[in-house]
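S.K.: need a structure here:
(one chain, ligands or ions: 1)
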Amino acid sequence: MNSETSQIYQLALAGVQALIPYQPGKPMGELERELGLSRIVKLASNENPKGPSGKVLSAVREVLTEASRYPDGNGFSLKTALAKKLAVATAQITLGNGSNDVLEIIARTFISEQCEVIFSEYAFAVYPIVTQAVGAQAVISKASAGGEYPCYGHDLSAMLRLVNNKTKVVFIANPNNPTGTFLTTSQLYGFLTELPEHVICVLDEAYFEYVSPDERSDSIAWLTLFPNLIITRTFSKAYGLAGMRIGYSVSSAEIADLLNRVRQPFNTNLMALSAAEVSLADSEYLNETIALNQQGMVQLTNAFTALGLSWIPSKGNFITVNLGRSAMTIYEDLLKAGVIVRPIANYGLPNFLRISIGTESENTFFIDALINVLD
Ligand SMILES: *Cc1c(COP(=O)(O)O)cnc(C)c1O
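M.R.: Numbering: from 1, shown residues only. Alright, predicted model coming up:
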């Protein structure tokens, strides 16, 4: 029986029926099983190549003795640490099982079937998923073609022109994934000033820590000016905890109160709460992560230059390279060489591959494989 005509399938919301499932980076174990390769390098999911910090590992081992108890459903300890670091009240924070969980909570709190949701072409794949899942209308803004905003990035002026009285949420990722493109403080601030107050702006800062301090927006300070602003951040990237699943939003206390009503009581687990709190204080790990990323970015862009390839300038921990032709066979040939990268045809960029920045040795392994594949 064709699942699309089955009775059960027809019971699902129209938006859910039309959903294309999120395609994660290929897991290393899967490639290992398929090809029996001795070395596999995964540069596909923007994970931290350093692995978790030793401090996190010992903290997590310690809390395991409490695994028979429910975690603190309010995440008091982590929220207190975050509030102190960000100079906000704990009541402004909403914890999520990864920041994707928070994005979904936001959708379920604010977006109904009658609403429109704006995001950019080539923006993060989770925005269309959470929009469609609640049956709302996705309004896709054409990416910038260069000029005022970076090429392939969000065109904030175009996004503003799409706002109407049905618009409920605008998603903006800064830096954006998969393009790595970045909006400056004055661009974002100008956008927020123009955005009507009935529209929630979700500013997704998953890669915030990778942006140099002089270029970062002090977005948290804007919360006092824009009551319709929600900032999301994560421990999955620079803090190296993707497998733990923990992220958060910072907003007005009023919005956080609403989000926390929708949030499942124990959406963040014991280990993740502890790991996040420890990693937040581990500035050494964070600094090493950022330095490693900067070096890796130089290593990869130098290699692309030598190969005559262009790329989209990135402020994240990944870089999207233009192969100038369909990237699928190159992706598959790289797999055979033991390198997993990310094809992004599903984002509308079929000639590009997104490469997460690895360690020096992982980057070298990838570059050597790419040189062979392109030969
Ligand atoms: C990786 C990423 C996230 C983080 O997802 P988690 O659920 O926190 O692991 C959020 N937004 C963007 C744009 C990302 O690339």
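
S.K.: The residue in the chain positioned nearest to the ligand: how many residues sit nearby?
M.R.: Residue nearest to the ligand within the chain: residue 98 (2.5 Å; C-beta to the nearest ligand atom). No exception for glycine: its C-beta is placed from N, CA and C like everyone else's. Neighbour count of residue 98, defined by other C-beta atoms under 10 Å: 24.

S.K.: repeat for residue 151
M.R.: For residue 151, the count of nearby residues is 13 (other C-beta under 10 Å).

S.K.: Work out the gap between stretch 39-55 and the centre of the chain.
M.R.: On the basis of C-alpha atoms, centre = their mean, to the nearest Å, stretch 39-55 sits 16 Å off its chain's mean C-alpha point.

S.K.: in it, what counts as buried?
M.R.: Neighbour-count burial for stretch 39-55, counted by 16 or more other C-beta atoms under 10 Å, picks out 40, 41, 42, 43, 44, 45, 46, 47, 48, 49, 52, 53.

S.K.: can you check stretch 62-78 too?
M.R.: Buried residues in stretch 62-78 (16+ other C-beta under 10 Å): 63, 71, 75, 78.

S.K.: Now do the end-to-end distance for it.
M.R.: 16 Å (C-alpha to C-alpha, to the nearest Å).

S.K.: Which parts of the stretch 101-250 of the chain are strands?
M.R.: Assigned by DSSP state E, counting those that start in this stretch, the strands in the stretch 101-250 of the chain fall at 116-120, 137-141, 167-173, 200-204, 229-234, 247-250.

S.K.: spatially speaking, which residue is in the middle of this structure?
M.R.: The centre of the chain sits closest to residue 206, judged by C-alpha atoms, centre = their mean, with a distance of 5.0 Å.

S.K.: Quick check: residues of the stretch 201-350 of the chain near the ligand?
M.R.: Counting by C-beta under 6 Å from any ligand atom, the residues of the stretch 201-350 of the chain close to the ligand are 204, 206, 234, 236, 237, 242, 247.

S.K.: try 5 Å this time
M.R.: 204, 206, 234, 236, 247 (C-beta under 5 Å from any ligand atom).

S.K.: Now do the longest helix seen in the chain, average pLDDT.
M.R.: Longest helix in the chain by number of residues (criterion: DSSP state H): helix 283-307. Taken as a whole, helix 283-307 carries a mean pLDDT of 98.

S.K.: other SSEs contacting that helix?
M.R.: Applying 3 or more C-beta pairs under 8 Å, 6 or more residues apart in numbering; DSSP states H and E, one finds that helix 283-307 contacts strand 310-312, strand 318-322, helix 360-374.

S.K.: Given the shortest one, what are its sheet partners and their directions?
M.R.: This points to strand 310-312. strand 318-322 (antiparallel) (DSSP bridges).

S.K.: Outline the domain layout of this protein.
M.R.: Following automatic domain parsing, one finds the domains of the chain at 7-51+284-374, 54-281.

S.K.: How about residues contacting the helix or strand of the chain with the lowest mean pLDDT?
M.R.: Least confident element among the helices and strands of the chain, by mean pLDDT, DSSP states H and E: helix 28-35 (a mean of 82). Identification of contacts with helix 28-35 by C-beta atoms under 8 Å, 6 or more residues apart in numbering yields 37, 40, 42, 335, 336, 338, 340.

S.K.: Alright, calling it a day.
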